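J.: let's see this in three dimensions:
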Amino acid sequence: MHKVKLSSDLQLSPIIHGHWRLREWNMNAQEILAFTEKSVELGVTSIDHADIYGDYRCEKLFGQALGLKPSLRKEIQIVTKCGIKLVSEKYPERKLKTYDYSFRHIISSVDNSLQNFGTDYLDLLLLHRPSPFFDPQEVARAFVQLRESGKVINFGVSNFNPLQYEMLNEHLEEKLVTNQVEISPLCLEHFKNGNMDYFMKNKIRPMAWSPLAGGEIMNKVGDKGARLGKALNKVAHEIGIESIDKVIYAWLLKHPSGIMPIVGSGKFERLQHAVDALNINMSLEQWFEIYNASEGHELP
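T.: All right, here's what the predicted structure looks like:
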């Protein structure tokens, strides 16, 4: 499988495995390791995490699995995020959910993540969400220290709009390499807020979280879900494939911005379906049929 080049020292697999629900998969360390090895054999080498996933437990769960075979670290790319402070038993002093992008918090978050993963570097660190209280100079200072220390190789953001992305980039020596946003046939937000155009203008490859809309499309939830289900089934029949999740991944992968879907499932066949979609040829009319079904009307 070809790799997606985001910088001179970062290449990700075009399909990324998301570990948001890793704790819910009820796998022990050996099972997580076996799943990861099988994924790497498939060509899915990039793993998406965040410090808060699983109430601050998913990073450590994966780190325990990686500790069973340390040599696997060289074959994978670890992506994680920081910035959100949850109210949690782990942090009893917190009374309110906040966002923290201070120099001190970014540095301490990375140190915690490195300890959890049992590694000495992160391939990619993302700021989890834009904050109404945000000092780009503080963030830039943290990024410089992390880069110079070798603890983080590349930086990006998640859920930022074009102005927020550009504002931070203006303060950085090493430019951001990606923006992880929600993209699916059910969520067309970034086709309308300028982000998709911004990605292509600046040759930024976006990562797409929740590409199946948390199962809402598959389960045909509401009028919009029903419309999409009908359109997806029609396109699946025309292409000659059996699973509409493959159609959804193919819809994302066809877009010229170079979307990298994040597959957040503990079922290997779901990961296989996303990889299969790399070889699906969808026509432009089929792409727009799915887009129009989401909108509920034809293009103006």
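
J.: show me the strands in the stretch 151-300 of the chain, by range?
T.: For the stretch 151-300 of the chain, applying DSSP state E, counting those that start in this stretch gives strands covering 152-158, 179-182, 207-209, 260-263.

J.: where exactly do the helices run in the protein?
T.: Along the chain, the stretches classed as helices by DSSP state H are 29-42, 53-56, 58-67, 103-117, 136-149, 162-169, 189-192, 195-201, 222-239, 244-254, 268-276, 284-295.

J.: so which residues make contact with the fifth one?
T.: Residues outside helix 136-149 that contact it (C-beta atoms under 8 Å, 6 or more residues apart in numbering): 101-103, 106-107, 110, 125, 127, 152-153, 155, 167-168, 170-174. In this view, the C-beta of every residue, glycine as well, is placed from N, C-alpha and C.

J.: rerun at 7 Å
T.: For helix 136-149, the surrounding residues in contact (C-beta atoms under 7 Å, 6 or more residues apart in numbering) are 101-103, 106-107, 110, 152, 155, 167-168, 171-174.

J.: okay if I get those as TSV plus neighbour count, pLDDT and distance to D223?
T.: Below are the contacts of helix 136-149 laid out as TSV (neighbours: other C-beta atoms under 10 Å; pLDDT from 0 to 100; distance: C-beta to C-beta, whole Å):
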residue	neighbour count	pLDDT	distance to D223
Y101	22	98	39
S102	15	98	44
F103	16	98	47
I106	23	98	42
I107	17	98	47
V110	22	98	44
V152	23	98	44
F155	25	98	40
M167	14	98	37
L168	22	98	38
H171	14	98	44
L172	15	98	43
E173	8	93	49
E174	15	93	45
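
J.: closest one of those to Q64?
T.: Checking the contacts of helix 136-149 against Q64 by C-beta to C-beta gives V110 as the nearest, at 19.1 Å.

J.: OK, contacts around that closest one?
T.: By C-beta under 7 Å, 6+ apart, V110 lies in contact with C82, L122, L125, L146, K151, V152.

J.: closest to I183 among those residues?
T.: Using C-beta to C-beta, these come closest to I183 at L125, 21.0 Å.

J.: what's the spacing between the closest residue to the closest one other than its chain neighbours and R104?
T.: Closest residue in space to L125, ignoring its immediate chain neighbours: V152 at 4.6 Å, by C-beta to C-beta, 6 or more residues apart in numbering. Separation of V152 from R104 (C-beta to C-beta, to the nearest Å) stands at 16 Å.

J.: so which bits of stretch 207-221 are buried?
T.: By neighbour count on 16 or more other C-beta atoms under 10 Å, the buried set for stretch 207-221 is 207-214, 216-218, 220-221.

J.: point out where this protein drops to low pLDDT.
T.: For the chain, no stretch is flagged by pLDDT under 70.

J.: residue farthest from the centroid of it?
T.: Computed with C-alpha atoms, centre = their mean, the residue of the chain farthest from its C-alpha average is P300, at 31.8 Å.

J.: if we can go back for a sec, closest one to S7 out of the contacts of helix 136-149, please.
T.: Of these, the one sitting nearest to S7 (C-beta to C-beta) turns out to be E174, at 8.3 Å.

J.: kindly export stretch 240-255 (C-alpha atoms) in PDB.
T.: Below are the C-alpha coordinates for stretch 240-255, written out as PDB (Å, rounded to 0.1, in the frame of the first residue of the first chain):
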ATOM      1  CA  GLY A 240     -21.100  -4.500  -7.600                       C
ATOM      2  CA  ILE A 241     -20.000  -4.500  -4.000                       C
ATOM      3  CA  GLU A 242     -21.800  -5.900  -0.900                       C
ATOM      4  CA  SER A 243     -21.100  -3.400   1.800                       C
ATOM      5  CA  ILE A 244     -22.100   0.200   2.000                       C
ATOM      6  CA  ASP A 245     -19.200   1.100   4.300                       C
ATOM      7  CA  LYS A 246     -16.900   0.400   1.300                       C
ATOM      8  CA  VAL A 247     -19.000   2.800  -0.700                       C
ATOM      9  CA  ILE A 248     -18.600   5.500   2.100                       C
ATOM     10  CA  TYR A 249     -14.900   5.000   2.200                       C
ATOM     11  CA  ALA A 250     -14.600   5.100  -1.600                       C
ATOM     12  CA  TRP A 251     -16.700   8.400  -1.500                       C
ATOM     13  CA  LEU A 252     -14.200   9.900   0.900                       C
ATOM     14  CA  LEU A 253     -11.100   8.600  -0.900                       C
ATOM     15  CA  LYS A 254     -12.200   9.900  -4.300                       C
ATOM     16  CA  HIS A 255     -12.100  13.500  -3.200                       C
END
